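> Provided below are the primary sequence and the corresponding predicted coordinates.
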Amino acid sequence: MTHRFAGSSVSTIAAAFVLTAVCGAFAQAQAPAASGAEPTDPKATEQWEPVPAIVTLGNTDAAPPSDAIVLFDGKNLDSWETAKDHSPARWKVHDGVATVDKSTGNIQTKRRFRNYQLHVEWRVPANITGEGQFRGNSGVFLASTGGGDEGYELQVLDSYDNKTYVNGQAASLYKQTPPLVNAMRPSGQWQTYDIVWTAPVFAADGKVTSPAYATVFHNGVLVQNHTQLKGETTYTGWPKYKPYTDAPIKLQAHGDPSPPVDFRNIWVRKLD
């Protein structure tokens, strides 16, 4: 399931990119500010504290690191609730996967998050039918701001050989930004999203002081590179922001007539 490139797995490459970006930003924020004359002693620019915490990696590329919060491990949906009324999530769990139940609606995490790294695996059924947006439609809402389709959606769709509007294909930030490339595997095969989400920041009066950003790897391929969002997902009209703080992560039960999508192996690392 994991491709190899120059002796490293794509998930390892993706993780390395994310850790490099996060650690680089951390070092930049903590490094001494340049002032006065150029130092002549190399020790003047060495940083020793704080020491980064050690994270133990999983036994396989798909296993979560030791500091991850496991949201779904194939056993139950105890970490999830029905988005519209906060009742227990009722999607079907079987054979280590959770299958969308369109009759019960979207599900979201009971816990709320702000900035994070998220790993999600999903699969469009091999017997998928339909075309365009009616072909395995679902979504990962990076911040759910309501029980319906409110929030910031990363599109899930069979885009292997399926023409649709490009800002609505798989790995698009829905109705905003198409993916850099189409990294889809054929239907029936597992797809992987590795996401770094930077939540928007709002002033006390509700004005945006810092917009939302998303970096996304689809099957180990960079498809959204620190992409700035223009606001929440909207099917009709222009995206716009509305203030929120922490929010659940939501999975969509789209009402298209095609067979439902499966999810597995979902975990998150808080980056606050």
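Structure's in. What do you need? Residues are numbered from 1 along each chain as shown.

> Bridged to the most centrally placed residue in the chain, which residues?
Nearest to the mean C-alpha position of the chain, counting by Cα atoms, centre = their mean, stands Ile195 at 3.7 Å. Beta-bridge partners recorded for Ile195 (DSSP bridges): Leu118, Val216.

> Does it touch Phe113 like I think?
No - with contacts counted by Cβ atoms under 8 Å, Ile195 stays clear of Phe113, the gap being 11.5 Å. For the C-beta atoms, the positions are set from N, CA and C on the backbone; glycine is no exception.

> For the chain, give me the ranges with low pLDDT.
Counting by pLDDT under 70, the chain contains low-confidence ranges at 1-35, 59-61.

> And the helices in it, which stretches?
Assigned helices in the chain, in chain order: 10-30 (criterion: DSSP state H).

> For Val261, give its distance to Tyr241.
Using Cβ to Cβ, to the nearest Å, Val261 is found at 28 Å from Tyr241.

> of those two, who's got more company?
The neighbour comparison of Val261 against Tyr241 (other Cβ atoms under 10 Å) goes to Val261, with 27 against 18.

> partner residues bridging the residue nearest to that one when sequence neighbours are not counted?
The shortest distance from Val261 to any non-neighbouring residue, by Cβ to Cβ, 6 or more residues apart in numbering, is to Ser138 (4.4 Å). With DSSP bridges applied, Ser138 shows beta-bridge pairing to Val156.

> what's the spacing between Ser138 and Phe217?
Distance of Ser138 to Phe217, given as Cβ to Cβ: 18 Å.

> for Ala53, same thing?
In terms of Cβ to Cβ, Ala53 sits 23 Å off from Phe217.

> In terms of packing, which of the two has more residues around it?
Phe217 (25 against 7).

> Surely that one touches Tyr193?
Yes - taking contacts as Cβ under 8 Å, Phe217 lies within contact range of Tyr193: 7.2 Å.

> Give me the neighbour count for the nearest residue to Leu154 once chain neighbours are set aside.
Residue nearest to Leu154 in three dimensions, not counting chain neighbours: Val140, with 4.6 Å by Cβ to Cβ, 6+ apart. Residues lying near Val140 (other Cβ under 10 Å) number 23.

> ok, now which ones touch Val140?
By Cβ atoms under 8 Å, 6 or more residues apart in numbering, Val140 lies in contact with 118, 120, 153-154, 156, 193, 195, 249-252.

> returning to what we had before: got a list of what the residue nearest to the centre of the chain touches?
Residues 117-120, 140, 142, 154, 214-217 are the ones in contact with Ile195 under the rule Cβ under 8 Å, 6+ apart.

> let's go with 10 Å and repeat that
Going by Cβ atoms under 10 Å, 6 or more residues apart in numbering, Ile195 touches 14, 18, 116-120, 140, 142, 154, 171, 214-218, 224, 249, 268.

> What of Gly139?
With Cβ under 10 Å, 6+ apart, Gly139 has these contacts: 106, 122, 149, 151-157, 172, 174, 233, 250-254, 261.

> ok, now Tyr152?
139-145, 173-174, 176, 197, 199-200, 212, 214, 229, 231-233, 239, 241, 247, 250.

> Report the buried members of these.
Buried by 16 or more other Cβ atoms under 10 Å: 139-145, 173-174, 176, 197, 199-200, 212, 214, 229, 231-233, 241, 247, 250, out of the contacts of Tyr152.

> Restricted to strands, list the residues you listed.
139-144, 197, 214, 250 (DSSP state E).

> got those as TSV, with distance to Val166 columns?
Below are those laid out as TSV (distance: Cβ to Cβ, whole Å):
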residue	distance to Val166
Gly139	16
Val140	18
Phe141	20
Leu142	20
Ala143	23
Ser144	25
Trp197	22
Ala214	17
Lys250	23
